[in-house]
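J.: Task: produce atomic coordinates for the following.
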Amino acid sequence: MNDSNKYIRFDWAAKRMLRDKANFAVLEGLITVLLDEPVHIIELLESESNQNEIDDKFNRVDIKARNSKDEIIIVEIQQTRELYYLQRILYGVSKAITEHISLGDKYDKVKKVYSINIIYFDLGKGSDYVYHGTTQFVGIHSGDTLKVSDRENSVIRMRTPDEIFPEYYIIRVNEFNKVATTPLEEWIDYLKNGRINDETTTPGLSEAKQRLQYLQMNKQERQAYDRHIDAIMVQNDVLDTAKLEGLAEGRAEGRAEGMAQGRAEGRAEGMAQGRAEGRVEGLSEAAKKMKAEGISIDIIAKITGLSPDEIKDI
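T.: Model (predicted):
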């Protein structure tokens with residue numbers, strides 16, 4: 001892709017450009033396509049800050065918005081693996097709910113929350129690249145879905161729990177390997193590859209074509225952006241290499257030790273212990289290599305699951 005048709009990565013745009021009200025249409029387009037209904041953002045709400053230090057490529061980029069239906073939309077972009085990612089999604093949604101209801105308010109003030117998570121790391125097993133989660137109460141005998149009465153604007157209406165409870169979207173960007181033919185696929189193609197079809201009419205992407213062009217940035221901004229991209233590539237390569245080398249070395253040592261001990265005390269128990277010790281050794285080797293590359297202890301802890309104290313002792 002030549003520079004005249006080069007578009008800024010979405011994580012960079014979300015951190016520095018999409019917070020401008022003039023650029024809301026880009027974010028609105030992504031959410032509209034994902035939720036399959038028109039979304040109009042009224043304002044961006046206060047969210048966790050995003051540091052601009054050397055490790056900022058590992059930070060999640062988060063945007064919290066309020067739409068015209070007075071619902072909360074959280075969009076998070078995560079570059080690297082985190083062990084308890086699902087728990088953090090739940091915590092973020094719970095925090096958003098409690099932050100937007102005042103002490104003494106009735107529960108009808110609880111806001112519907114959409115949690116949209118764009119991830120660039122492997123999150124478990126699954127063949128799809130987009131997952132959607134809702135809450136429903138289903139009868140264990142009848143199989144029907146529970147509906148509850150709710151008062152809205154002095155009118156009693158029946159609502160299902162999924163209309164009230166949070167909804168979750170997980171976009172596994174790296175799992176997308178298709179030719180983009182639908183609006184959602186066009187968006188994910190942009191998220192993964194930075195491509196936007198010249199003839200696109202997909203909501204948000206036509207605006208992105210105009211506002212997120214690489215050459216529209218000044219020289220200083222382009223240099224900062226280029227450093228950001230280089231850093232992501234280098235650090236991802238370091239992390240992948242460290243994990244592969246460390247795990248391979250750990251497995252080899254674990255198998256050797258496990259088999260030797262297995263012959264003496266019982267092959268099954270020895271090999272099981274060897275595999276366990278091998279995994280630990282592999283993580284330790286990965287952590288050692290990451291430390292040597294100057295990656296912070298907090299980031300290493302998130303990736304390996306080792307404690308900061310264990311990493312310091314390596």
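
J.: Isn't Phe165 up against Thr135?
T.: Yes: taking C-beta atoms under 8 Å as the definition, Phe165 is a contact partner of Thr135 at 3.7 Å. Yep, even glycine has a C-beta here, placed from its N, CA and C like the rest.

J.: okay, and the common contacts of these two?
T.: With C-beta atoms under 8 Å, 6 or more residues apart in numbering applied, the contact sets of Phe165 and Thr135 do not overlap.

J.: Between these two, point out the one with more neighbours.
T.: Phe165 (18 against 13; other C-beta atoms under 10 Å).

J.: check contacts around the more buried one.
T.: With C-beta under 8 Å, 6+ apart, Phe165 has these contacts: Thr134, Thr135.

J.: can we see that at 6 Å?
T.: Thr135 (C-beta atoms under 6 Å, 6 or more residues apart in numbering).

J.: swap in the one 10 residues further on?
T.: Listed by C-beta under 6 Å, 6+ apart, the contact partners of Glu175 are Tyr129.

J.: cool, and Val61?
T.: Asp11, Ala14, Lys15, Asn50, Ile77.

J.: Ile171: which of those is nearest?
T.: Ile77 (9.4 Å; C-beta to C-beta).

J.: My reading is that the closest one lies in a strand. Confirm?
T.: Yes: assignment of Ile77 by DSSP: H, G, I helix; E, B strand; the rest coil places it within a strand.

J.: Am I right that it is in contact with Ala13?
T.: No: at 10.0 Å, Ile77 does not count as touching Ala13 under the criterion of C-beta atoms under 6 Å.

J.: Neighbour count for the two, which is higher?
T.: It is Ile77, of Ile77 and Ala13, that has more neighbours when counted by other C-beta under 10 Å, with 25 against 21.

J.: What residues are bridge-paired with that one?
T.: Beta-bridge partners for Ile77, by DSSP bridges, are Val61, Ile118.

J.: so how far is Lys69 from it?
T.: Applying C-beta to C-beta, to the nearest Å, the value for Ile77 to Lys69 is 24 Å.

J.: now swap in Gln136 and tell me
T.: For Gln136, the distance to Lys69 - C-beta to C-beta - is 21 Å.

J.: same question, Val173
T.: Taking C-beta to C-beta as the measure, Val173 falls 27 Å from Lys69.

J.: neighbour count winner among these two?
T.: Between Val173 and Lys69, counting by other C-beta under 10 Å, Val173 is the more crowded of the two (20 against 11).

J.: residues in contact with that one?
T.: Val173 neighbours (C-beta under 6 Å, 6+ apart): Tyr120, Leu191, Lys192.

J.: Without its sequence neighbours, what residue ends up closest to the spatially most central residue of the chain?
T.: Centroid check for the chain by C-alpha atoms, centre = their mean gives Ile119 as the closest residue, at 3.3 Å. Spatial nearest neighbour of Ile119, excluding adjacent residues (C-beta to C-beta, 6 or more residues apart in numbering): Gln78 at 4.9 Å.

J.: same question, Ser68
T.: His40 (4.2 Å).

J.: was I right about the one you found contacting Arg66?
T.: No: counting by C-beta under 6 Å, His40 stays clear of Arg66, with 10.2 Å between them.

J.: give me the low-pLDDT residue ranges for the stretch 1-150 of the chain?
T.: Residues of the stretch 1-150 of the chain meeting the criterion pLDDT under 70: 1-5, 47-60.

J.: before we move on, back to that, in strands, which of the contacts of Val61 fall?
T.: If you go by DSSP state E, these have Ile77 in strands.

J.: Please, where are all the helices along the protein?
T.: For the chain, the helices defined by DSSP state H cover 10-16, 24-35, 85-99, 183-193, 205-211, 219-265, 267-292, 297-304, 308-313.

J.: I'd like to know which elements the shortest one is packed against.
T.: Going back to what we said before, that points to helix 308-313. Here helix 308-313 touches helix 297-304, going by 3 or more C-beta pairs under 6 Å, 6 or more residues apart in numbering; DSSP states H and E.

J.: Of all the residues in the helix it packs on, which ones are buried?
T.: Ile297, Ile299, Ile300, Ala301, Lys302, Ile303, Thr304 (16 or more other C-beta atoms under 10 Å).

J.: Equivalent analysis for stretch 205-214, please.
T.: For stretch 205-214, by 16+ other C-beta under 10 Å, it's Leu205, Ser206, Glu207, Ala208, Lys209, Arg211, Leu212, Gln213, Tyr214.

J.: which two in the residues you listed are spaced the farthest apart?
T.: Across the buried residues of stretch 205-214 (C-beta to C-beta), the longest gap, 17.1 Å, separates Ser206 and Tyr214.

J.: For Ile171, list each beta-bridge partner.
T.: Ile118, Val130.

J.: neighbours of it, just the number please.
T.: The number of residues packed near Ile171 is 24, by other C-beta under 10 Å.

J.: wouldn't it be in contact with Tyr120 here?
T.: No: if you go by C-beta under 6 Å, Ile171 and Tyr120 don't touch, sitting 9.7 Å apart.
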